[in-house]
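Undergrad: Okay, predicted coordinates and the sequence, questions at the end:
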2 protein chains.
Amino acid sequence: MVYCLERVPAVVKAKPHLKEVEAFKTVLSGDREAIAKLSLRELEEIAVATLTGMTVDDFKVDVAEWITTAKHPRWNRLYTDLTYQPMLEVMQYLRDNGYLTFIVTGGGQDFVRTYSQRVYGIPPWQVVGTAGGVKYAYDKDGKPYLTKEPKLLLNDNNAGKAEGIHLEIGVRPVIAFGNSTGDREMLEYTTGRAGARLGLLVLHDDAAREYAYGPARGLPDTRVGTFTEALYDEAKKEGWQIISMKNDWNRIFPFDERS
Amino acid sequence: MVYCLERVPAVVKAKPHLKEVEAFKTVLSGDREAIAKLSLRELEEIAVATLTGMTVDDFKVDVAEWITTAKHPRWNRLYTDLTYQPMLEVMQYLRDNGYLTFIVTGGGQDFVRTYSQRVYGIPPWQVVGTAGGVKYAYDKDGKPYLTKEPKLLLNDNNAGKAEGIHLEIGVRPVIAFGNSTGDREMLEYTTGRAGARLGLLVLHDDAAREYAYGPARGLPDTRVGTFTEALYDEAKKEGWQIISMKNDWNRIFPFDERS
């Protein structure tokens, strides 16, 4: 979403009529408080305008440029530096022991695939994410290319995660990690079957080193990445492991000092 | 499609009103000539009735039962015995040399995934095919399951092959094999880029050992798996290799005697 917001000026420059549309006006104003209050419908409007209409190749170039330069204001580091050290370790541990690792993200599939190999050691074809349709066409030299269409094929959140796993992987996972209610159905789908299965949920309860939000366990509520008390209760009932960032993680980011 | 046709009696038994629908009546009549004349719309009607509405798990069981028992009348062999020996060899050769192999089929993704590992050495998550939506729900014990919906997500033919490769793989292939006009865009997409790229097309020109159809090269025309003269010309122009089953393949099926 940060990428989408930061692409707004370029998109408005190419399509000046968007300057008059409320959501785009708000983003261009730079008013952080107003931007944080954009409705889901407005955010979708921005996502469609900034993520579709271009060729797949142009999009890759744009994302690659952004992801290797844009920095998170709190840490003044690249977003791809803000990966979780314990997740990197457990994925490597699993791969070293004969597992295949996949990313199943509510984020854009095309977006995450541009850096998944380099950052997580996961190739593009093992990334499932929110995906739109693409359209095949020919350029003036007769060479084919694909254009990103404003047509949602997979909303890879909630039940969409289980459905996306079926569409792009085709077997039930044996282990699944999540960190929000958007992962609930994926964990149910993974663990809801006989045999050795494992579900785990990371709880963001460390405001000092990262963030603290829930509203589970009395943590502050949030609009993004919500972890409800109902999810917490289901985890307890189903035997999913709850990982406390604060208590269970020695290092959070790869750049954190070892303690 | 043979699977769909053979499932018709079971489906009609479960939904007796279909007995009055022309397409189903024709299939139940057993009149091979009339069945061969079913329109595309009627075949789609049959596909929807026989491939959707059941759970993903029930479908897998049904296909597994059928694919391990149903025999092709001409050879009196399982359909999975009728794989091409040279294709099996080249896929193994590529894998032995560090390539990943994928199936990109106009056939049903869920269908082919049930036997792809055993028959082709290709795991389900490396199979892209025609795919419908699935719907997440809970059974009476609260366990989740997916139901196959009559909603087409990907028609993995023609331009859909390039689009499906983008959706489920995310990178352009470097080598692609095809055998019909439905593979044209996949070969264009694979070879239409700088660097070492390879496109190959198998021409079914061996009526004695397999089949002969085109209408390319004056071979008999066909409704299924058409290989047009225009595709042949494009192959010549683009430098795609044309493989003649008759002249280039020593063995066609694994059970053929070595010559």
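TA: Great, that's in hand. Residues are numbered from 1 along each chain as shown, chains lettered A, B, ... in the order given.

Undergrad: Might one say that residue A:191 is in contact with residue A:201?
TA: No: using Cβ atoms under 8 Å, residue A:191 is not in contact with residue A:201; the gap is 11.4 Å. Placement of C-beta: from N, CA and C, glycine included.

Undergrad: shared neighbours, those two?
TA: residue A:240 (Cβ atoms under 8 Å, 6 or more residues apart in numbering or on different chains).

Undergrad: Let me know whether residue A:169 touches residue B:125 as I believe.
TA: Yes: with contacts counted by Cβ under 8 Å, residue A:169 reaches residue B:125, the gap being 4.5 Å.

Undergrad: Touching both of these two, which residues are there?
TA: residue A:102.

Undergrad: Tell me which stretches of the stretch 101-250 of chain A form helices.
TA: In the stretch 101-250 of chain A, the helices defined using DSSP state H, counting those that start in this stretch lie at A:109-113, A:116-120, A:159-168, A:184-191, A:229-238, A:245-248.

Undergrad: Which among those is found nearest to chain B?
TA: Across these, the minimum distance to chain B, taken as Cβ to the nearest Cβ, is reached by helix A:159-168, at 3.7 Å.

Undergrad: is chain B contacted by the closest one?
TA: Yes: residues of helix A:159-168 are located near chain B by Cβ under 8 Å from any Cβ of the partner chain, namely A:159, A:162, A:163, A:166, A:167, A:168.

Undergrad: which of the residues in whatever helix or strand residue A:28 lives in are buried?
TA: Residue A:28 belongs to helix A:22-29 when assigned by DSSP states H and E. For helix A:22-29, the neighbour count (16 or more other Cβ atoms under 10 Å in any protein chain shown) marks A:23, A:24, A:26, A:27 as buried.

Undergrad: Same question for stretch A:68-86.
TA: Buried-residue list, stretch A:68-86, by 16+ other Cβ under 10 Å: A:79, A:82, A:84, A:85, A:86.

Undergrad: and the first one, how far is that from residue B:193?
TA: Residue A:79 sits at a distance of 29 Å from residue B:193 (criterion: Cβ to Cβ, to the nearest Å).

Undergrad: which bits of the stretch 51-200 of chain A sit near chain B?
TA: So far as Cβ under 8 Å from any Cβ goes, the stretch 51-200 of chain A lies against chain B at A:56, A:100, A:102, A:109-110, A:113, A:124-127, A:131, A:133-136, A:143-144, A:146, A:153-154, A:159, A:162-163, A:166-171, A:185, A:188-189, A:192-193.

Undergrad: Any quick ChimeraX command for the buried ones out of those?
TA: Buried members of these, defined by 16+ other Cβ under 10 Å, are picked up in ChimeraX with:
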select /A:56,102,109,110,113,124,125,126,127,131,133,134,136,144,146,153,154,159,162,163,166,167,168,169,170,185,188,189,192
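
Undergrad: I'd assumed residue A:204 was in contact with residue A:211.
TA: Yes: between residue A:211 and residue A:204 a contact is recorded at 5.1 Å, counting by Cβ under 8 Å.

Undergrad: Name the residue in those two with the higher neighbour count.
TA: residue A:204 (21 against 15; other Cβ atoms under 10 Å in any protein chain shown).

Undergrad: The more buried one reaches residue A:227, doesn't it?
TA: Yes: applying Cβ under 8 Å, one finds residue A:204 in contact with residue A:227, separated by 7.0 Å.

Undergrad: List the residues that are in contact with both of those two.
TA: A:179, A:213, A:219.

Undergrad: what's the closest of those residues to chain B?
TA: Nearest to chain B among the shared contacts of residue A:204 and residue A:227, with distances taken as Cβ to the nearest Cβ, is residue A:179, at 19.6 Å.

Undergrad: Got the confidence number for the closest one?
TA: Looking at residue A:179, its pLDDT reads 98.

Undergrad: Name the residues linked to the nearest residue to it once chain neighbours are set aside by a beta bridge.
TA: Leaving out its chain neighbours, the residue that sits closest to residue A:179 by Cβ to Cβ, 6 or more residues apart in numbering or on different chains is residue A:202, at 4.2 Å. With DSSP bridges as the criterion, residue A:202 is bridged to residue A:243.

Undergrad: how close does residue A:202 sit to residue A:224?
TA: 15 Å.

Undergrad: How about residue A:36?
TA: Distance of residue A:36 to residue A:224, computed by Cβ to Cβ: 10 Å.

Undergrad: Could you tell me which residues touch both of those two?
TA: With Cβ under 8 Å, 6+ apart as the test, residue A:36 and residue A:224 reach no residue in common.

Undergrad: And stretch A:11-29, how far out from the chain middle?
TA: Counting by Cα atoms, centre = their mean, to the nearest Å, stretch A:11-29 is centred 25 Å from the centre of its parent chain.

Undergrad: again with stretch A:110-123
TA: Distance, stretch centre to chain centre, for stretch A:110-123: 12 Å (Cα atoms, centre = their mean).

Undergrad: and it, C-alpha only, in PDB?
TA: Output of stretch A:110-123 as PDB, limited to C-alpha atoms (Å, rounded to 0.1, in the frame of the first residue of the first chain):
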ATOM      1  CA  ASP A 110       3.300  -9.600  -8.800                       C
ATOM      2  CA  PHE A 111       4.800  -7.200  -6.300                       C
ATOM      3  CA  VAL A 112       6.200  -9.700  -3.800                       C
ATOM      4  CA  ARG A 113       7.500 -12.000  -6.600                       C
ATOM      5  CA  THR A 114       9.900  -9.300  -7.700                       C
ATOM      6  CA  TYR A 115      12.000  -9.700  -4.600                       C
ATOM      7  CA  SER A 116      10.900 -13.000  -3.000                       C
ATOM      8  CA  GLN A 117      14.000 -15.000  -4.100                       C
ATOM      9  CA  ARG A 118      16.500 -12.400  -3.100                       C
ATOM     10  CA  VAL A 119      14.900 -11.500   0.200                       C
ATOM     11  CA  TYR A 120      13.200 -14.800   1.400                       C
ATOM     12  CA  GLY A 121      14.900 -17.500  -0.800                       C
ATOM     13  CA  ILE A 122      11.500 -18.200  -2.300                       C
ATOM     14  CA  PRO A 123      11.200 -18.300  -6.100                       C
END
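
Undergrad: Go ahead and name everything in contact with it.
TA: A:3, A:51, A:56, A:59-60, A:63-64, A:67, A:80, A:83, A:88, A:91-92, A:95, A:101-103, A:105, A:124, A:126-127, A:129, A:131, A:148, B:170.

Undergrad: Those residues in strands, which ones?
TA: A:103, A:105, A:127, A:129, A:131, A:148 (DSSP state E).

Undergrad: burial of residue A:32, as a residue count?
TA: 8.

Undergrad: Just the pLDDT for it.
TA: pLDDT, residue A:32: 91.

Undergrad: separation between it and residue A:38?
TA: On the measure of Cβ to Cβ, residue A:32 and residue A:38 end up 11 Å apart.

Undergrad: One more: residue A:257?
TA: Distance check for residue A:257 against residue A:38: by Cβ to Cβ, it reads 37 Å.
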